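# Attaching a predicted model along with its sequence, questions to come.
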Amino acid sequence: MPGLSHPIPLQPGPLSRSHLRGASRHPLRARLAAVAGSAVLAVACGTQNPTPAPSSAPPVTPSPPSASSPSASASGVDYDELVYGSTYRPLPGLEGGTLKIGDPRSGTQLNPLFAGPTVNRALFAATMRTLFLVTGDGHWKPDLATTIPTPTNGMVRPDPSGGGFDVDLELRPGLMWSDGQPATMDDLQYTWRLIEDTPSATVVPGWKVVDRVTVSGPTHATVHFSAPYGDYLSVLGSLFLPAHYFRTVSATDAPTKLYPFSPEIAKAVTIGPFKYSTVSANSVGLVRDDDWRGPFQSCDRGACVDGLTYRMFPNDKTGLIDAFQKGDIDVALGLMDTDEAAVAAGDTGIAIIDSAWSYEHFDMNEAGIGPGQGHPALRDIVVRRAIAQAIDRKSLFDAVRAAGLASPPDVNLVACTNATPTNYWQLPDPGCPPLDVEAANAALDAAGYRRGADGIRIDPRGNLPLVFQHCTTSSPFHEIGAQLIKQDLTRIGIKLDLNMVDSRAVMFAAWGDVGAGTRCNLAHGNFDTAEFSYSDRFYPYDNYYYPYDSEQIPTQTNGGRGLNFIRFADPAVDAGIDRLGSALSAADQVTAAYDLQRAYVSEVPEVALYYRAEVRGISGNVRNFIMHPGTTLGDGADTWNVEDWWIGD
């Protein structure tokens, strides 16, 4: 799957947002234009207080205060704690045994330079660790590095000119590659140069903003970014390659001869709790690396278990769940809220369900072209606000949950903004309007939207009835949701004509893969309203730039590139997104995200309906497993703490 240039649906789960950048008004984006064809599927977030099954998760205790952590701001918010304050501490474990992991996703490229940050992410978290990672409780944590560099601790320093900035990095001393060679900052410098010299590399685009890596010792380096880039940790935490191993082959041979999908994989050089031992068509064997020592040690020797078998069930969740129920799989990954009942049906393990970094929403196409292609009335904020007031989100959520869309017990997932409750950047009190059908009708009356003889309102500007072509997928919970929303909007004089379509072949099909007039295709804008889910990334910038920035509107001129399917364009929002993308400090990032959520509530580009959950299956004797809510797109993986997993009674 490397090199994807368009988002793909992860149905019945959320649609992913990919890195699709081009030359633009923003100087940083112009620097990233060179990688516009190399998409990186990404999304994320985490749980501040994860709630895994009691038998599988360690107790969570507060971390001691960091010496670099600032005191609370004038607003009483410690922003650094929001972003970097992980409280993860593993339960002390027992040594021995092997675990079998199953995943409905697959990939045949084990070279992280070409596989990208999403393919085989669970394998890379076990074998190719990086400077930083995102924990299951939704924070940055140092991994190969000793410290998270931030402006607060002085390790991130803007240039005097304000154009770029330096990042100081400290590697944990004594780290070794799996072949016994020392891991040093020379490897990081080599990684950067290799990316520069390898156009086919599938990497996060922020590497293009790095113009210098200066090594001043085995464990110290300073990385210079040529422009402000708030997501600098995602760049520096995405790739760390063994220079001595990559130098053994030519660049031409690297994709096939390094980390080969063959028995030679046992010779591949790794850094992490496990190293490769065997590989077959849909299975990879891993053994414990005796020399690995992680930041946290559930077991003194490094990884607790002796080995892992990672089995892939390509697009076959039924087969994965069946294997789990038979006891052939100890940990089943990549499952959605629609799979909970099937996972829980067996007696060999348990189903873990927890909040994910994704949300269901009702979209409104603001193209203004005409019925079925962006009804002109949807450009009127009065209409959009009335719709938001008329949809009974609580009843909707209760209905889809009753129909089999599972959610964590006693957790209210009714949505208000596009930041999930476990996102560190969610605005605490966004002031979303309550359900108020009477107020919605009064606002439409005052704006001149009179009712016709059939009760449907008429747009006073073009005399078009407010009849919207509504599109969603044929998933049962979407059909239920569409019927309920249709009923809600009838109460304010708006009619939805429902269209249930295939997700991959129609709704989420890429611009060039379907005809320009394909009804309900989001890329071409052939809809008035739509319902589906988005998966978010851990860092908030992508979650606003791709769906709401005017530069991301797909057009014939730009070849359909972009994910702003609702054709929303607001100069103030664009400016706020630019500010977020350039923010270096946690305080600036979070407050910029807060401002964008206030604009989201005020301008109503879409109506957030409810947050989504994800499911994992684990055997009852697996300990220290904590589901990562960002695994859909690669900001994290459920194996983020795999060295701490152990087998108990």
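Yep, that arrived. Source: prediction; values computed, not measured. Numbering: from 1, shown residues only.
# tell me the secondary structure for residue 221?
The three-state assignment at residue 221 reads strand, by DSSP: H, G, I helix; E, B strand; the rest coil.
# wait, it sits on residue 214?
Yes: with contact defined as C-beta atoms under 8 Å, residue 221 and residue 214 form a contacting pair (6.4 Å). In this view, the C-beta of every residue, glycine as well, is placed from N, C-alpha and C.
# Settle it for me: which of these two has more neighbours?
residue 221 (24 against 13; other C-beta atoms under 10 Å).
# list the contacts for that one?
168-169, 171, 185, 188-189, 213-215 (C-beta atoms under 8 Å, 6 or more residues apart in numbering).
# what about residue 228, which SS state?
coil.
# correct me, but it touches residue 585?
No: using C-beta under 8 Å, residue 228 is not in contact with residue 585, being 10.9 Å away.
# So those two - more neighbours on which side?
residue 228 (21 against 17).
# Excluding chain neighbours, give the residue nearest to the more buried one in space.
residue 582 (3.8 Å; C-beta to C-beta, 6 or more residues apart in numbering).
# number of nearby residues for the one you found?
Residue 582 - counted by other C-beta under 10 Å - has 18 other residues nearby.
# now swap in the one 4 residues further on and tell me
With neighbours defined by other C-beta under 10 Å, the count for residue 586 comes to 26.
# For it, give me its contacts.
Taking C-beta under 8 Å, 6+ apart as the criterion, residue 586 is in contact with 79-80, 82-84, 150, 152.
# Please tell me how far it sits from residue 150.
From residue 586 across to residue 150, the span is 7 Å (C-beta to C-beta, to the nearest Å).
# cool, and residue 76?
20 Å.
# neighbour-wise, which of the two wins?
More crowded of residue 76 and residue 150, by other C-beta under 10 Å: residue 150, with 24 against 6.
# re the thing from before, quick one, phi/psi of the residue nearest to residue 228?
Per-residue torsions, residue 582: phi -100, psi 0 (degrees, to the nearest 10).
# That one and residue 84: what is the separation?
According to C-beta to C-beta, residue 582 stands 19 Å off from residue 84.
# circling back to that earlier point, Provide a ChimeraX selection command restricted to the buried entries of the contacts of residue 221.
In ChimeraX, a selection of the buried entries from the contacts of residue 221 looks like this (16 or more other C-beta atoms under 10 Å):
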select :168,169,171,185,188,189,213,215
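# Give the burial count for the nearest residue to residue 320 once chain neighbours are set aside, as a bare number.
In space, and not counting its chain neighbours, residue 320 is closest to residue 313: 4.1 Å by C-beta to C-beta, 6+ apart. Neighbour count for residue 313, taken as other C-beta under 10 Å: 21.
# Residue 313 contacts residue 100, doesn't it?
No: taking contacts as C-beta under 8 Å, residue 313 lies outside contact range of residue 100: 12.0 Å.
# List the contacts of residue 77.
Counting by C-beta under 8 Å, 6+ apart, residue 77 has contacts residue 590.
# what does residue 490 give?
Counted by C-beta under 8 Å, 6+ apart, residue 490 has contacts residue 455.
# Please apply the same query to residue 590.
77, 79, 82-83, 424-425.
# for the stretch 51-200 of the chain, which spans come out with low pLDDT?
Applying pLDDT under 70 to the stretch 51-200 of the chain flags residues 51-75, 117-119.
# which stretches of it form helices?
79-84, 112-115, 121-127, 185-197 (DSSP state H, counting those that start in this stretch).
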